[in-house]
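Participant: What would the 3D arrangement of this be:
(chains A and B)
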Amino acid sequence: MTQPITYELLHVDKNSGARRGVIHTPHGDIQTPIFMPVGTQATVKAMTPDELKDMVHAQIILANTYHLFLRPGHKLVQEAGGLHKFMNWDRPILTDSGGFQVFSLGALRKITEDGVEFRSHIDGSRQFISPEVSMEIQEALGSDIMMAFDECCPYPSTYEYTKKSMERTTRWAARCKEAHKTENQGLFGIIQGGFFEDLRKISASDLIQMDFPGYAIGGISVGEPKEEFLKMLKFTTPLMPENKPRYLMGVGTPDYLIEAAISGIDMCDCVLPTRIARHGTAMTSHGKLVVRNATYERDFTPLDDECDCYTCKNYTRAYIRHLLNTKEILGVRLLSIHNLRFLTKLMESVRIEIERDNLLNFKNDFYKKYGYTK
RNA sequence: GUGGAUUUAGCGUAGUUGGUUAACGCGUCAGUUUGUGGCACUGAAGACCGUGGGUUCGAGUCCCACAUUCCACC
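Facilitator: Numbering: from 1, shown residues only, chains lettered A, B, ... in the order given. Down below sits the predicted model:
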């Protein structure tokens, strides 16, 4: 069968090694490297699809298997005509497998070889997701890119636990591939192995043998120090096939995104921009800005003087602070627009700089302005 | 005018038979947030307890006077 998801390499930055490419999907092309906004429950919180397209310039968004499985249920979404139609989004969608919830639900779940038993965080009911169930859900949702059902280990974890978990994740990946039947969806494998290089190597090579149309790095950016993150990132990315998309899961601070691109990553996603927006913080080219702080009470300038987004073109810090303090919905919306646009614009710059073989210089300038020390 | 009640942080309140640094919510101020379980979490500042006097080793707490606001009656 022809692959629904393919990767086309356009240019490699001669100095950094970063990749500029295109991912072809059933719902259109994705220019890479890319940042993908997260829409867990079939909505990027507070954003309409039109806003995501026109203001944020989002090319692809994420949705989550576990959440949509619980509510409203994948069958209902299927009945609605699939996720794209249900949520009125006609560009690519990537669904996470529920694997991250194996990690984040902590005490509310039990892992066995067969799969994971969850306690629903909504009503406490017993739920079960296995590789097969995850594939069934994601097929019903109809995403363009499906993720294999994996376990994301906490940081830190012992070598023994990480090894067992990684080997199980590999077996689960084989089961996902076996269970996956649709021809208009691409299934990505997820490399695990925690913070152990030999385990990462085994995970990568075992998964590559299974010939997925794309690969992700899971299990990093889970609370470890930045040096550990960079070390694992720079070790793992070169193990991934050059002719397929490379996805780093869960990364969303500007420095991590730039580092990811430099190491050869094509896709990243993160809840950070939308979450901190709801909590009153903006990302700007001069660093993080907590808009609700009193300093901005009478600050009638935009969030970021270098930003071209709808929020920055039309509203001031003082006004947004006022909206946040009065808990007006618009405050969160304006901040979400800005933060998402900040990251998609950052990645636009990254793509341009790769074409100019200039990403390393860009990084240095960006870091200096943002206030990063290294 | 008479009787009753009220007064504790910016606001709303708790504070037992008198016993260390007077508590809580909201607000204020600040920090956290990385394939979204909970949409928030963590911390800080802020009070001569209406005023004055008294009892007591010790008073937000008991007594007296005055003031305040509210309610009822005239």
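Participant: Return the backbone torsion pair for residue A:45.
Facilitator: phi -50, psi 130 (degrees, to the nearest 10).
Participant: Report pLDDT for the residue of the stretch 51-200 of chain A found nearest RNA strand B.
Facilitator: For the stretch 51-200 of chain A, the residue closest to RNA strand B is residue A:152, as judged by C-beta to the nearest atom of the strand, at 2.2 Å. Where you see a C-beta, it was placed from the backbone N, CA and C, and this is true even at glycine. Note on residue A:152: pLDDT of 93.
Participant: from memory it sits against residue A:101, does it?
Facilitator: No. The pair residue A:152 and residue A:101 does not pass the contact test of C-beta atoms under 8 Å, sitting 9.0 Å apart.
Participant: Buried residues, the helix or strand of chain A with the lowest mean pLDDT. List them.
Facilitator: When each helix and strand of chain A is scored by mean pLDDT, DSSP states H and E, helix A:99-104 comes last, with a mean of 89. Neighbour counts using 16 or more other C-beta atoms under 10 Å place A:99-103 of helix A:99-104 among the buried residues.
Participant: Over to stretch A:341-352?
Facilitator: Buried, per 16+ other C-beta under 10 Å, within stretch A:341-352: A:341-348, A:350-351.
Participant: Also stretch A:221-230?
Facilitator: Those would be A:221-222, A:224, A:229-230, for stretch A:221-230 by 16+ other C-beta under 10 Å.
Participant: about what we covered before: tell me how far the closest residue to the residue of the stretch 51-200 of chain A closest to RNA strand B other than its chain neighbours lies from residue A:150.
Facilitator: Nearest non-adjacent residue to residue A:152, counting by C-beta to C-beta, 6 or more residues apart in numbering: residue A:103, 3.8 Å away. The spacing between residue A:103 and residue A:150, counted by C-beta to C-beta, to the nearest Å, is 9 Å.
Participant: Next, give phi and psi for residue A:305.
Facilitator: The phi/psi pair for residue A:305 (degrees, to the nearest 10) is phi -70, psi -10.
Participant: same thing with residue A:289?
Facilitator: Torsion angles, degrees, to the nearest 10, at residue A:289: phi -130, psi 110.
Participant: quick one: contacts for residue A:46?
Facilitator: A:274, A:277-278, A:329, A:332-333, A:336 (C-beta atoms under 8 Å, 6 or more residues apart in numbering).
Participant: low pLDDT regions in chain A?
Facilitator: Residues of chain A meeting the criterion pLDDT under 70: A:1, A:373-374.
Participant: Quick check, central residue of it?
Facilitator: Note on chain A: the residue nearest the mean C-alpha position is residue A:269, at 1.7 Å, using C-alpha atoms, centre = their mean.
Participant: quick one on the thing from earlier: so which of the buried residues of stretch A:341-352 also contact RNA strand B?
Facilitator: Checked against RNA strand B using C-beta under 7 Å from any atom of the strand, those yield no neighbours at all.
Participant: So which of those sit within helices?
Facilitator: Of these, the ones assigned to helices by DSSP state H are A:341-348, A:350-351.
Participant: Of all the residues in stretch A:46-65, which ones are buried?
Facilitator: Across stretch A:46-65, burial judged by 16+ other C-beta under 10 Å covers A:46-47, A:49, A:51-52, A:55-56, A:58-65.
Participant: Dump the buried residues of helix A:99-104 into a markdown table; add distance to residue A:183 as well.
Facilitator: A markdown table is the format used below for these (distance: C-beta to C-beta, whole Å):
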| residue | distance to residue A:183 |
| --- | --- |
| A:99 | 23 |
| A:100 | 26 |
| A:101 | 27 |
| A:102 | 28 |
| A:103 | 31 |
